[in-house]
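Visitor: next comes the sequence, and after it the predicted model I'd like to discuss.
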Amino acid sequence: MLPFTLFPILLFLSVIRPTFSTNTTEKLRIFILSDILNEPDDSQSLVRYLLYSNEFQTEGIVATTSTWLPNETHPEAIHEIIRAYGSVVDNLNQHVYGKQALQRNSTLSPGASHLVKALKSSNTTLHLPVWGGTNTLAQALQHISRTHSSTEAKTLRSRLRIYTISDQDDTGPWLRATYPDLFYIASRHAWKAYSLAAWTGMSMTALSPAANDSIVQNAWLGRYI
């Protein structure tokens, strides 16, 4: 076997991270070892990783040998993908949703402001059914954390009972990681696996074998609902 060298590649933070802040307390440190170009899988994985790289503290990416690539390494393939990412990252950032509401300079939205007022108006439970994304909730709780003591913020969060229909933006996982004390039920499902979700109810027979849409017809709905 020919000798090989581990080839470290430093990923500069100005390139690897989108400009917005996720405002998490600490990011996982990541150092990737890859036998890239042995087959397409690692190239594909690196592209996917870069699209989520703002969630991590990337320390390095190294081209290595493997059983399937025993005598060579291809750091140039890593460089090529990173250069391509650098050319599109500004455009990608224009289409980020959800956690954009958590940027330091973001103005509190009217919806988030109203939610904060509702939480503070009574010490009773506030039920929060979420039919779409949770960025309004995330912004409200982030605002409370910034403007109240930790004890006060925890008290306000304790009044919430949250139920979401899946994770419809990227603030759902952020909320659960940032505020583990939240009462938070996420009815999640994999893409195209809607039968695993609780919200399909009785009307989606094509997706759930337990459903029965023979009842849920216009005539029945018109008479009883």
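Guide: Cool, got the structure.
Visitor: check the protein for its longest helix and report it.
Guide: The residue-count maximum for a helix in the chain (DSSP state H) belongs to helix 75-93.
Visitor: show me what secondary structure element comes after that one.
Guide: Using DSSP states H and E, the helix or strand that follows helix 75-93 towards the C-terminus is helix 110-121.
Visitor: quick one, the next helix-or-strand element following that next one and helix 110-121 angle?
Guide: Once the chain leaves helix 110-121, the next helix or strand it forms, by DSSP H and E, is strand 126-130. In this structure, strand 126-130 runs at an angle of 150 degrees to helix 110-121, with axes from the mean of the first three to the mean of the last three CA atoms, to 10 degrees as the basis.
Visitor: related to what we said a few turns ago, what's the offset of the longest helix of the chain from the middle of its chain?
Guide: 21 Å (CA atoms, centre = their mean, to the nearest Å).
Visitor: what's the answer for stretch 112-128, then?
Guide: Using CA atoms, centre = their mean, the offset of stretch 112-128 from its chain centre is 25 Å.
Visitor: hmm, back to that, list the buried residues in the longest helix of the chain.
Guide: Residues of helix 75-93 classed as buried: 75, 77-78, 81-82, 85, 89 (neighbour count, 16 or more other CB atoms under 10 Å). Where C-beta positions appear, they are placed from N, C-alpha and C, glycine not excepted.
Visitor: quick check: phi and psi on Ser122?
Guide: As for Ser122, its main-chain torsions (degrees, to the nearest 10) stand at phi -150, psi 150.
Visitor: what about it, how many neighbours?
Guide: For Ser122, the neighbour count with other CB atoms under 10 Å is 9.
Visitor: tell me, what's the model's pLDDT at the residue most central in space within the chain?
Guide: The C-alpha lying nearest the average C-alpha coordinate of the chain belongs to Asp170 (CA atoms, centre = their mean; 3.3 Å). Reading off the confidence values, Asp170 has pLDDT 85.
Visitor: also Leu207?
Guide: What the model reports as pLDDT for Leu207 is 53.
Visitor: can you start the count at 31 instead of 1 from here on
Guide: From this message on, residue numbering opens at 31, which makes the last subject Leu237.
Visitor: need the helices for this protein, in chain order.
Guide: Assigned helices in the chain, in chain order: 43-46, 70-81, 105-123, 140-151, 165-177, 180-187, 201-208, 248-254 (criterion: DSSP H).
Visitor: mean pLDDT lowest where, among the ones you listed?
Guide: When mean pLDDT is averaged over each of those, helix 43-46 scores lowest at a mean of 35.
Visitor: and the buried residues of helix 105-123 as JSON lines, adding distance to Thr164?
Guide: Converted to JSON lines, the buried residues of helix 105-123 look like this (distance: CB to CB, whole Å):
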{"residue": "Pro105", "distance to Thr164": "40"}
{"residue": "Ala107", "distance to Thr164": "37"}
{"residue": "Ile108", "distance to Thr164": "35"}
{"residue": "Ile111", "distance to Thr164": "32"}
{"residue": "Ile112", "distance to Thr164": "32"}
{"residue": "Tyr115", "distance to Thr164": "27"}
{"residue": "Val119", "distance to Thr164": "25"}
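Visitor: surely Thr95 and Leu67 touch.
Guide: No - counting by CB atoms under 8 Å, Thr95 sits too far from Leu67 to count as a contact (11.1 Å).
Visitor: hang on, isn't Glu85 packed against Lys57?
Guide: Yes - in this structure, Glu85 is within contact of Lys57 by CB under 8 Å, at 6.7 Å.
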